[in-house]
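**Q** What shape does this take:
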Amino acid sequence: MQLRHLVGDIYCVPGPSNVGFVITKEGQALLIDTGVGARSGRGLLQILQDHNLQLAAIFNTHCHGDHVGGNAFLVEHTGAQVYAPPHDAIVIEKPVWGTMCMFGGADPLAELETPRFAAQACQVDVRVSEGVVVVGGTEVQVVPLPGHTGSHTGYLIEDVFFTGDILAGEEELAQSPITYAYSITMRLQSLEKLRRYSCAWYVLGHGKPEPDIQSLIECNIEQVNGVLAFIKAFLAQGCADFDQIYTAICRHYGIRVRTLKQYFLLYPTLHSYISHLSRNGDIIHAFEANRLLWCLPDGR
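**A** Residues are numbered from 1 along each chain as shown. This is a model prediction of the structure:
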């Protein structure tokens with residue numbers, strides 16, 4: 001694990017999930033997310049020790065295991081405080097809530113109890129909300145950006161914006177025609193909110209840091225709108241249940257689901273599209289022979 005300098009005392013640790021690394025004005029360190037599992041935690045601890053820095057705090061953007069996986073190890077070895085948004089804090093402290101939600105609210109499959117879905121439990125010391133938090137003399141601006149999760153949050157420190165997973169990078173967009181989202185409604189609102197910021201660097205949850213994200217925001221919005229348009233066009237042929245919509249989308253986008261992990265990322269995401277369309281009155285539901293169907297209103 002290597003530090004990449006951005007500006008001033010702000011760095012990132014590139015990896016499968018990027019980690020923000022900030023040296024505070026009082027000579028301590030802050031982390032934005034901690035990567036996947038104890039292995040990531042050990043690597044980050046080594047960087048801290050190599051630079052003779054004490055970890056003061058961890059700021060988590062959201063609760064997913066590839067962003068909070070190093071929390072428990074680092075807290076155990078440094079005593080750092082953990083800051084996280086309110087809904088996500090529940091899952092960080094009780095990971096079973098995350099896997100249970102992925103499995104439709106039921107006792108989850110054992111195969112979902114992986115570091116990606118369920119990190120080692122960790123206490124959250126501070127639940128953050130919009131505003132400014134000061135740690136070690138350094139101001140951290142808390143910017144709620146819900147959509148990827150219910151309370152997903154970004155952090156702006158000086159001229160660097162750690163955006164978490166609300167914004168998919170170029171590589172992710174190319175590889176994943178449908179990126180995970182808890183709420184499409186919230187995600188679209190948060191993407192619009194991002195337009196208002198002008199920073200030197202944006203550190204995405206995955207992919208390379210970006211000096212400008214305006215075109216990337218457009219690509220993310222276009223991807224979402226494309227899926228919404230396809231669902232409406234498919235239902236214009238007649239009412240369909242979720243499995244029919246799911247199958248049609250996989251066929252249209254060339255998606256081949258081979259693992260439970262893939263399935264349980266795509267399944268709730270497509271429901272978030274259905275929820276968005278239903279909330280906006282673009283589709284309605286009906287029941288036929290005990291099947292829940294989705295239809296265009298008035299047959300349109």
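**Q** Only C-alpha atoms from now on, for both contacts and neighbour counts.
**A** Noted.
**Q** Centroid-nearest residue for the protein?
**A** What sits nearest the mean C-alpha location of the chain, by C-alpha atoms, centre = their mean, is residue 165, with 3.6 Å.
**Q** and the residue nearest to it when sequence neighbours are not counted, what does it touch?
**A** In space, residue 165 comes closest to residue 205 once its chain neighbours are excluded; the distance is 4.9 Å by C-alpha to C-alpha, 6 or more residues apart in numbering. For residue 205, the contact set (C-alpha atoms under 8 Å, 6 or more residues apart in numbering) comprises 17, 18, 19, 162, 163, 164, 165, 167.
**Q** show me the contacts for the last one.
**A** Read that as residue 167. Per C-alpha under 8 Å, 6+ apart, neighbours of residue 167: 191, 204, 205, 216, 217, 220.
**Q** Okay, and which of the residues you listed map to strands?
**A** Residues of those located in strands (DSSP state E): residue 204.
**Q** Kindly indicate which of the contacts of residue 167 lies nearest residue 141.
**A** Residue 141 has its nearest neighbour among these in residue 204, at 16.2 Å by C-alpha to C-alpha.
**Q** burial count for the closest one?
**A** 24 (other C-alpha atoms under 10 Å).
**Q** The one 10 residues further on too?
**A** Here the number of neighbours of residue 214 (other C-alpha under 10 Å) works out to 14.
**Q** three-state assignment of the nearest residue to residue 94 once chain neighbours are set aside?
**A** What sits nearest to residue 94 in space, not counting adjacent residues and going by C-alpha to C-alpha, 6+ apart, is residue 121, at 6.0 Å. Look at residue 121: counting by DSSP: H, G, I helix; E, B strand; the rest coil, its state is coil.
**Q** If you count neighbours, what's buried in the lowest-mean-pLDDT helix or strand in the chain?
**A** Using mean pLDDT, DSSP states H and E, the weakest-scoring helix or strand in the chain turns out to be helix 96-102, at a mean of 79. Applying a neighbour-count criterion of 16 or more other C-alpha atoms under 10 Å, one finds 96, 97, 98, 99, 100, 102 buried in helix 96-102.
**Q** The fifth one is in contact with residue 106, isn't it?
**A** So that's residue 100. Yes: counting by C-alpha atoms under 8 Å, residue 100 touches residue 106, with 5.6 Å between them.
**Q** now the helices for the stretch 51-200 of the chain?
**A** Ranges of helices within the stretch 51-200 of the chain are 65-68, 71-78, 86-93, 96-102, 170-175, 184-194, based on DSSP state H, counting those that start in this stretch.
**Q** Of all those helices, which one is nearest residue 26?
**A** The closest of those to residue 26 is helix 71-78. By C-alpha to C-alpha, the value is 16.8 Å.
**Q** before we move on, the earlier item: please identify the most buried of the helices of the stretch 51-200 of the chain.
**A** Across the helices of the stretch 51-200 of the chain, the average number of neighbours (mean count of other C-alpha atoms under 10 Å) peaks for helix 65-68, which reaches a mean of 27.
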